[in-house]
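Student: Build me a model from this:
(one chain, ligands or ions: 1)
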Amino acid sequence: MPFLFAQSNDKNIKNENRDSLHIITSFRINFEAYPEQEKIFDLYKKYLYSDPVKNDKNNPYWNTKEKEKYDAFDLSVASIYGSSDFLNDLDDLKNYLDIYILSIDKITDDLYSISAQYQFKGGLSNSSSIWCIQNINAVKINGEWKLQNNLVHYTKNWDVYKTKYVVYHYPYGYNFKSDDAEKANRFFQNLVKKYNLGKPKKLDYYIAESTNQMGELLGFGFFGGGVTSGVSSVGNDYIMSSKTAFHAHEFVHFAFASNEVKRNYLIEEGCADFLGSRVYDKESYNKNMDKLINDIKNDDTYTIENLISMNGNVSWNNYNWRYPFGALICKMVYDKRGEKGLKKLMFSNTEETDELKTALIDVMHFKNEQQLYNELKNIAENYN
Ligand SMILES: [Zn+2]
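Tutor: Here you go, the predicted structure:
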């Protein structure tokens, strides 16, 4: 007999600020028959209430090993919470979502898998009603249940290929091309040498064969919110990609990783595109650049002033214009000031728009902002 947990009897939830989560368990779960399920359910519930997006190192519900290994130890939270305007923290979770626990299954005595659906209130009503299905594990450590990323168990039997800086992980039977891996290593080492960067950190590189598998790596049975073909986490020392062993864009992020510099998003992504995608993923690089050039010429909201400040008024034309625009800035610097200029830009604090403008005016030897805008507009208009 299925039973409901914490079922709401409030008919008027829309205009109310909820103070508790709405969690329901499916018929697959039965605490009386399987008492261990209840312990794991409690653990997961407490974890949800601890506001997972904080990735707080003192979180008592997560295993210590992963908290020590990773900067942001819960690999799925960035997709669940960070990828939209409407779901950013525990309050949003309370206000807008229903959590439906599909299953809490035993794998071994010390390992269970939890599968939980995140559904927007209002039932199945539009294309984003189901936000995701999270797959997360519970492991028993010294008699206590702790949460663990799906990645650990999921990739347990994957093949491994080690290179100097990168340890590759890929599914059994995957046609791994060691040439790509060697190419990636050479690219990585060249960047480090050319730009005089610090010794690269060792990193794990997971190759997924599909978007669904990419989701499994991050902890999703259904990869909805934050769905992507690849992620790189500098703080967590990993790249995950559903492309090949050589995702140049992501390697640029790693090569330039530095804790002391707060880089503007435009420069971080722009440089990864300019040094990585422009050379090794030409097709998509050119496609995005062509769109941007076209929009700068024809869309009134695509002024250089708006773009450089990442102004919210810039129209959404179905691509992330920040990447090609950032790449355009890097091109300007590189063409006029070479590697030295680009390096200087990459190691300046540019997080705030004003800092970015100041750094660009300095590195380009411009007199003022207007000159910077004119030059970027000129480059865009004459781009070929
Ligand atoms: Zn990137």
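
Student: Identify the residues contacting residue 96.
Tutor: 86, 87, 120, 121 (C-beta atoms under 8 Å, 6 or more residues apart in numbering). Every residue, glycine included, has its C-beta placed from N, CA and C.

Student: Burial check on residue 206, number of neighbours?
Tutor: 24 (other C-beta atoms under 10 Å).

Student: Would you agree it falls within a helix?
Tutor: No. Assigned with DSSP: H, G, I helix; E, B strand; the rest coil, residue 206 falls outside any helix and is strand.

Student: from here on, count from 840
Tutor: Sounds good: first residue 840 from here, last item residue 1045.

Student: That one and residue 1078 touch, don't they?
Tutor: Yes. Assessed by C-beta atoms under 8 Å, residue 1045 is found in contact with residue 1078 at 7.2 Å.

Student: Distance check, the closest residue to residue 1066 other than its chain neighbours against the ion.
Tutor: Counting by C-beta to C-beta, 6 or more residues apart in numbering, the nearest residue to residue 1066 once its immediate chain neighbours are dropped is residue 1050, at 6.5 Å. Computed as C-beta to the ion, to the nearest Å, the residue 1050 to the ion distance reads 17 Å.

Student: how deep is residue 1050 tucked in, by neighbour count?
Tutor: Residue 1050 sits with 12 neighbouring residues when counted by other C-beta under 10 Å.

Student: give me every residue that touches it.
Tutor: Residue 1050 touches 1062, 1066, 1068, 1081, counting by C-beta under 8 Å, 6+ apart.

Student: Relative to residue 997, which of those residues is nearest.
Tutor: Nearest to residue 997 among the contacts of residue 1050 is residue 1081, at 14.5 Å by C-beta to C-beta.

Student: Might you report the residue contacts of the closest one?
Tutor: By C-beta under 8 Å, 6+ apart, the residues touching residue 1081 are 1046, 1047, 1048, 1049, 1050, 1052, 1053, 1068, 1069.

Student: and what of residue 908?
Tutor: Residue 908 sits next to residue 1075 when contact means C-beta under 8 Å, 6+ apart.

Student: What's the per-residue pLDDT of it here?
Tutor: Looking at residue 908, its pLDDT reads 92.

Student: pLDDT at the residue nearest to residue 1066, what is it?
Tutor: pLDDT, residue 1050: 90.

Student: From the ion, how far off is residue 1053?
Tutor: For residue 1053, the distance to the ion - C-beta to the ion - is 15 Å.

Student: Kindly report the same for residue 1127.
Tutor: The gap separating residue 1127 from the ion is 13 Å, by C-beta to the ion.

Student: So that residue sits against residue 1158, correct?
Tutor: Yes. The criterion here is C-beta under 8 Å, and residue 1127 meets it with residue 1158 at 5.6 Å.

Student: any low-confidence regions in the chain?
Tutor: 840-857, 1097-1098 (pLDDT under 70).

Student: Tell me which residue lies nearest the centroid of the chain.
Tutor: residue 1070 (5.1 Å; C-alpha atoms, centre = their mean).
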